[in-house]
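> What would the 3D arrangement of this be:
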Amino acid sequence: MFEEYIRYMNIPVNKVLLDCYSELDLDESSFVILVKLMDIHQRSSQLPEFSHLSKGTTMSESQIAGLIQGLIQKELLEVETIREEGKYIERFNLEPLYGKLSRLMESTAPEKADPSEIRSLFEYVEGLYGRVISPNEFERINSWLEDSGYSPQTIRDAVDLAYQNQITSLQYVERILNQTGRDAPADKVDRMPVRSWLEGEDVFDQ
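Numbers count the residues shown, from 1 in each chain. Here you go, the predicted structure:
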């Protein structure tokens with residue numbers, strides 16, 4: 001029973017922060033504290049005790065105090081002291097963090113491909129396949145451009161690679177795109193690339 005409970009005890013982690021925290025000049029320790037603060041902030045804006053933040057980590061309370069100060073200096077976190085019911089309470093605000101993440105996301109958004117390049121890509125695929133592409137195929141290629149951020153040249157290279165294997169299925173082309181990433185492959189190969197995750201080597205070379 002507890003195993004199933006633990007399996008689904010997940011907290012949401014901001015995807016932009018997870019992918020780009022180094023671009024905010026954060027190390028892993030600061031990242032962990034921010035994740036903890038974001039989780040706490042869903043329930044309360046009162047700054048927790050350093051002892052609470054250090055629980056479950058390898059960091060001391062003094063280290064966490066230094067990290068909090070660093071987050072404030074980097075303008076990712078705002079802390080204010082207010083008087084409430086005769087007591088002084090520290091409250092924190094994460095809006096500066098979200099603002100920087102938003103600007104970071106805008107600056108790293110892929111540039112739109114030139115309309116002429118897109119038109120040339122569709123004409124190239126139709127010429128290679130010897131037929132007009134279907135509406136479903138049109139939507140699929142368009143999603144690679146708009147949603148996945150692949151360039152027209154990268155898609156053309158993947159289409160070429162599939163065609164070399166005598167395959168005109170866009171599902172196969174999508175597998176190639178997922179394997180090679182968003183950069184156009186430097187060298188054409190005659191088969192799907194297969195890599196060893198730990199060693200970074202082609203398993204067919206073993």
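> Which helix or strand contains residue 3?
Residue 3 belongs to helix 2-7 when assigned by DSSP states H and E.
> Correct me if wrong, but residue 89 is in a strand.
Yes: looking at residue 89 with DSSP: H, G, I helix; E, B strand; the rest coil, it is inside a strand.
> Which residues does it form beta bridges with?
Beta bridges link residue 89 to residue 82, judged by DSSP bridges.
> and it, what does it touch?
When contacts are counted by C-beta atoms under 8 Å, 6 or more residues apart in numbering, residue 89 touches 46, 47, 81, 82, 83. Where you see a C-beta, it was placed from the backbone N, CA and C, and this is true even at glycine.
> Tell me which stretches of this structure form helices.
2-7, 15-20, 28-41, 50-54, 61-73, 95-108, 115-129, 135-146, 152-164, 170-180 (DSSP state H).
> Buried deepest among the ones you listed, which one?
Across those, averaging neighbours per residue (mean count of other C-beta atoms under 10 Å) puts helix 152-164 on top, at a mean of 20.
> how far does that helix sit from the chain's center?
Per C-alpha atoms, centre = their mean, to the nearest Å, the displacement of helix 152-164 from the mean C-alpha position of its chain is 25 Å.
> so that helix versus helix 115-129, what angle?
With axes from the mean of the first three to the mean of the last three C-alpha atoms, to 10 degrees defining the directions, helix 152-164 sits at 0 degrees from helix 115-129.
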